[in-house]
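Student: Here is the input, now give the coordinates:
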Amino acid sequence: MSQTLSRKKSLYERYTDIMPKGAGALFFIQMFATFAYSVLYSTLVLYATNGLHMPDTVANGVTSSFIAFNYALHLLGGYVGGRFMSYRSLFSVGMALQVVGCIFISMPTTNALYWGLAAFLTGAGLNVTCINCMLTQLFQPEDKRREAAFLWNYSGMNVGFFIGFSVSGYLQLQNAYHMLFLLAGAGNVITLFLTLSHWGKLCDTKTTYLNLPEDQKRTALFKGILSITALALSLRLLLENASVSNNLIMTVGVITIFIIGYFALTQPNAAASKKIWAYLILALASVIFWALYQMAPMGLNLFIERNVDRHYLGILIAPQWVQNINTVIIITGGPLLSVFFSWLRDRGVNISIPIQFSFALLIIGVGLAILPIGIHLADANGYVGFNWILLSYICQSVGELFISPIGYAMVGQLAPVNLQGPMMGIWMMTTGVGATLSGYFSNLALSSTTSTNPVLSNPGFSHAFGLLGWISIVTGVALFIFTPFVLRLTQEKRLFAKKQMISPAGL
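Tutor: Numbering: from 1, shown residues only. Have a look, this model is predicted:
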């Protein structure tokens, strides 16, 4: 008996040694928090057009603004959290706002949609930074278990996306939008409950807010709540005026180009300056990638719903289910690609960052450029075979593997220590700018006709997909050609050679 207890204690101790308390809770918090966002991400344009009968161009504008602001607000979340309130408090306030937002969105009126999106977006945009910071604070700076914890949380996020896309598709086929958005709100309620029930394990450590005297904490908290309220009201106005929102995001994107240039020109040495110029080149390339990739919840979503024969293997495929192709490939392909790259590097072969970005642009370009072939081979009623969509989404997902994970690592490699925060925020902004461009590109595909008849709308989709696909392919080829120049800026080749000299594999 004592041996059994000893063994159980040993297993428990081994478990607690793997991950600190709170890490397991954050896995499920991440999963349920992602569920609600995935519902809106995959369904918003369909609900706006089918449920609220918005024109396609307006629905695309609202969706692109929603996605773009979500990414742009991550930087603001890092500023408010830990400064005006604790990360766990800001996260909880954000979750409560998302619950309110889902309730409003479930009401079938345009006015309720805008209020709901403003509330939901305020919470969702601020919360991503919070959950990452809560997880980071569970570990000491030198604790190597942090990487495994973030990998688990990334898996939880993708599980949330898979469930969200699956549930959204099922209820979309039933036109049960009201039930869908209430379920999304229920996911946020579960997230809030998990956060509150593990409150003590998710406390802040070494933040500005934590070190304030009690009276200053109250003042800071008031400022934080005031900022969140002002943000929600501002988003309400901006979302209703999608063109203004998108122009604002594009303007901010252009300004960031000059900010990066300023960073490069003011570096104390040439090596640091060259790295920032390389960062700018790769950031511009990533904007093109994300502009094509973020068409999935907009123009591509409408194309799949209206112009594709979605009967596959005897099942009617919901548009949202198609996006699970991406989820499955990312979950399975990420670790496999990591192992493959490690295998190559052990043998002295380095797949540089510019080469990976080139592959990403080429592959996603092919994914769009093949769609006009499928449109050309459509049946007499204009419906495109589902296999073309399957192949296109596989290409898009593989392309994401080459650019998304490496992008965050690239910031750490190229940005000076004192600029890593701003440059990480700018890097996240590239996805928002890409989402804004996706709205323009989606409207380009729909501009030839207002008809939902595939025979009439296919030419517009074919022209847009082909044009954008070839632009991405040409950009990928150009980046590949100029890779030696970019490598001289990044100094990646020299750093890899140095690692090879000091590693056993390089001996």
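Student: What segments of the stretch 251-400 of the chain are helices?
Tutor: In the stretch 251-400 of the chain, the segments counted as helices under DSSP state H, counting those that start in this stretch are 270-293, 299-307, 319-322, 324-346, 353-369, 371-376, 386-414.
Student: Report the rounded mean pLDDT for the following helix or strand past the last one.
Tutor: Put plainly, it is helix 386-414. Note on helix 386-414: by DSSP states H and E, the next helix or strand toward the C-terminus is helix 420-446. Mean pLDDT, helix 420-446: 82.
Student: And for stretch 272-291?
Tutor: For stretch 272-291, mean pLDDT is 91.
Student: In a markdown table: the helices of the stretch 251-400 of the chain, plus distance to Val159.
Tutor: Placement of C-beta: from N, CA and C, glycine included. Listed next are these as a markdown table, based on distance: least, CB to CB, whole Å:
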| stretch | distance to Val159 |
| --- | --- |
| helix 270-293 | 21 |
| helix 299-307 | 22 |
| helix 319-322 | 16 |
| helix 324-346 | 8 |
| helix 353-369 | 24 |
| helix 371-376 | 29 |
| helix 386-414 | 16 |
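Student: closest one to Ala59 among the ones you listed?
Tutor: For Ala59, the closest of the helices of the stretch 251-400 of the chain is helix 299-307, at 8.2 Å, according to CB to CB.
Student: what is the rounded mean pLDDT of the closest one?
Tutor: Helix 299-307 shows an average pLDDT of 92 in the prediction.
Student: Need the contact partners of that helix.
Tutor: Residues outside helix 299-307 that contact it (CB atoms under 8 Å, 6 or more residues apart in numbering): 42, 45-46, 49, 56, 60, 310, 319, 322, 375, 378, 382-384, 389, 438, 441-443, 445-446, 452, 454, 457-458, 461, 464.
Student: Show me the shaky parts of the stretch 151-300 of the chain.
Tutor: Where the stretch 151-300 of the chain drops to pLDDT under 70, the residues are 151.
Student: Same question for the stretch 351-500 of the chain.
Tutor: For the stretch 351-500 of the chain (pLDDT under 70), the answer is 405, 408-409, 412, 417, 420-421, 448, 492-500.
Student: would TSV of the helices of the stretch 251-400 of the chain with mean neighbour count and distance to Ser166 be doable?
Tutor: Output for the helices of the stretch 251-400 of the chain, formatted as TSV (neighbours: other CB atoms under 10 Å; distance: least, CB to CB, whole Å):
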stretch	mean neighbour count	distance to Ser166
helix 270-293	20	21
helix 299-307	25	16
helix 319-322	26	7
helix 324-346	15	7
helix 353-369	23	22
helix 371-376	20	24
helix 386-414	19	15
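Student: Of all those helices, which one is nearest Leu126?
Tutor: helix 386-414 (19.3 Å).
Student: tell me which strands and helices that closest one is in contact with?
Tutor: Applying 3 or more CB pairs under 8 Å, 6 or more residues apart in numbering; DSSP states H and E, we find helix 386-414 packed against helix 270-293, helix 324-346, helix 353-369, helix 371-376, helix 420-446.
Student: State the helix or strand in which the residue nearest to Met107 when sequence neighbours are not counted lies.
Tutor: Excluding its sequence neighbours, the residue lying closest to Met107 (CB to CB, 6 or more residues apart in numbering) is Gly116, at 7.5 Å. Element membership of Gly116, judged by DSSP H and E, is helix 110-136.
Student: List the contacts of the residue nearest to Met107.
Tutor: Residues in contact with Gly116 (CB under 8 Å, 6+ apart) are Val100, Gly101, Cys102, Ile103, Phe104, Ile105, Ser106, Met107, Phe181.
Student: Then Ser442?
Tutor: Applying CB under 8 Å, 6+ apart, we find Ser442 in contact with Asn60, Ser64, Met295, Met298, Gly299, Leu300, Leu302.
Student: Specify which member of those residues is nearest to Gly224.
Tutor: Nearest to Gly224 among the contacts of Ser442 is Ser64, at 28.5 Å by CB to CB.
Student: What angle do helix 420-446 and the host helix or strand of the closest one make with each other?
Tutor: Using DSSP H and E, Ser64 sits in helix 56-80. Between the axis of helix 56-80 and that of helix 420-446 there is an angle of 170 degrees, by axes from the mean of the first three to the mean of the last three CA atoms, to 10 degrees.
Student: And helix 56-80, what does it pack against?
Tutor: Counting by 3+ CB pairs under 8 Å, 6+ apart, helix 56-80 packs on helix 23-46, helix 110-136, helix 214-240, helix 242-265, helix 420-446.
Student: repeat that with 10 Å
Tutor: In this structure, helix 56-80 makes packing contacts with helix 23-46, helix 87-105, helix 110-136, helix 214-240, helix 242-265, helix 299-307, helix 420-446, judged by 3 or more CB pairs under 10 Å, 6 or more residues apart in numbering; DSSP states H and E.
Student: could I get the first one in PDB with only the CA atoms?
Tutor: I take that to be helix 23-46. Provided in PDB are the C-alpha atoms of helix 23-46 (Å, rounded to 0.1, in the frame of the first residue of the first chain):
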ATOM      1  CA  ALA A  23      -0.700  25.900 -17.500                       C
ATOM      2  CA  GLY A  24      -3.400  23.200 -17.900                       C
ATOM      3  CA  ALA A  25      -6.100  25.700 -17.200                       C
ATOM      4  CA  LEU A  26      -4.700  28.100 -19.800                       C
ATOM      5  CA  PHE A  27      -4.900  25.300 -22.400                       C
ATOM      6  CA  PHE A  28      -8.700  25.000 -22.000                       C
ATOM      7  CA  ILE A  29      -9.000  28.800 -21.600                       C
ATOM      8  CA  GLN A  30      -7.300  29.200 -24.900                       C
ATOM      9  CA  MET A  31      -9.400  26.500 -26.500                       C
ATOM     10  CA  PHE A  32     -12.800  28.000 -25.500                       C
ATOM     11  CA  ALA A  33     -11.700  31.600 -26.100                       C
ATOM     12  CA  THR A  34     -10.700  30.600 -29.700                       C
ATOM     13  CA  PHE A  35     -14.000  28.800 -30.300                       C
ATOM     14  CA  ALA A  36     -16.000  32.100 -30.200                       C
ATOM     15  CA  TYR A  37     -13.600  34.000 -32.400                       C
ATOM     16  CA  SER A  38     -13.500  31.100 -35.000                       C
ATOM     17  CA  VAL A  39     -17.300  31.300 -35.200                       C
ATOM     18  CA  LEU A  40     -17.200  34.900 -36.200                       C
ATOM     19  CA  TYR A  41     -14.100  34.600 -38.400                       C
ATOM     20  CA  SER A  42     -15.700  31.900 -40.500                       C
ATOM     21  CA  THR A  43     -19.300  33.000 -40.500                       C
ATOM     22  CA  LEU A  44     -19.400  36.800 -40.400                       C
ATOM     23  CA  VAL A  45     -19.500  37.400 -44.200                       C
ATOM     24  CA  LEU A  46     -22.100  34.600 -44.600                       C
END
